[in-house]
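[1] Next come a sequence and a model predicted from it.
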Amino acid sequence: MAVKGKGKQEARISEAELNEAYDDLLKLFTDVEDVDDMKALFEDMFTSAELKDFTIRWKLMNELYEHIPQRTIASQLGISLCRITRGSKMLKKKDGYVRRKLSERYDDHLHI
C-alpha cells in the first residue's frame, strides 16, 4: 500500500476507503493528457509549499541520476542530506519506475 492511514492526526477514514480514494486519484492523474491541464490540476490540488517540495524532489532525482554529489545538491537546493537519501534509495532499485524514466530521458539504457 502506497498511502498510509496515519499522519499528524489519526485518520478518520478506513484503510479501504483511503485505498479507494488513492486509486481514484491515480486514475484522475492518468486521465490528464495535456501539460497545461496537469499544471491546473496540481495548482488546484496542492499548496504552493507542496508543489515546491514535489518539484525539489524531482530536481534532486535528476541531479542524483547525473551523479552530482549529494552535498552539492543539498547546498544548491537548500535541503538536508537525509532528504536526498530517499532519492538515492529510489535510484538504486533495479526495477524502479523513476530510475527507468530518468534512463529514458538521458538515453543511457540503465547504465548508471
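    That came through fine. Numbers count the residues shown, from 1 in each chain.
[2] Show me where this structure dips below the pLDDT cut-off.
    1-11, 108-112 (pLDDT under 70).
[3] Mind jotting down where the helices sit in it?
    15-31, 35-45, 48-65, 70-77, 81-92, 97-106 (DSSP state H).
[4] can you list those in JSON lines and add mean neighbour count?
    Backbone N, C-alpha and C define where each C-beta goes, glycine included. Output for the helices of the chain, formatted as JSON lines (neighbours: other Cβ atoms under 10 Å):
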{"stretch": "helix 15-31", "mean neighbour count": "11"}
{"stretch": "helix 35-45", "mean neighbour count": "11"}
{"stretch": "helix 48-65", "mean neighbour count": "15"}
{"stretch": "helix 70-77", "mean neighbour count": "14"}
{"stretch": "helix 81-92", "mean neighbour count": "14"}
{"stretch": "helix 97-106", "mean neighbour count": "14"}
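[5] Please report the distance of Tyr65 from Ser75.
    From Tyr65 over to Ser75 the distance is 18 Å, taken as Cβ to Cβ, to the nearest Å.
[6] Lys93 now?
    With Cβ to Cβ as the criterion, Lys93 and Ser75 are 26 Å apart.
[7] for Lys94, same thing?
    29 Å.
[8] do the same with Met61
    17 Å.
[9] Tell me how this protein divides into domains.
    As given by automatic domain parsing, the domain ranges for the chain are 13-45, 48-112.
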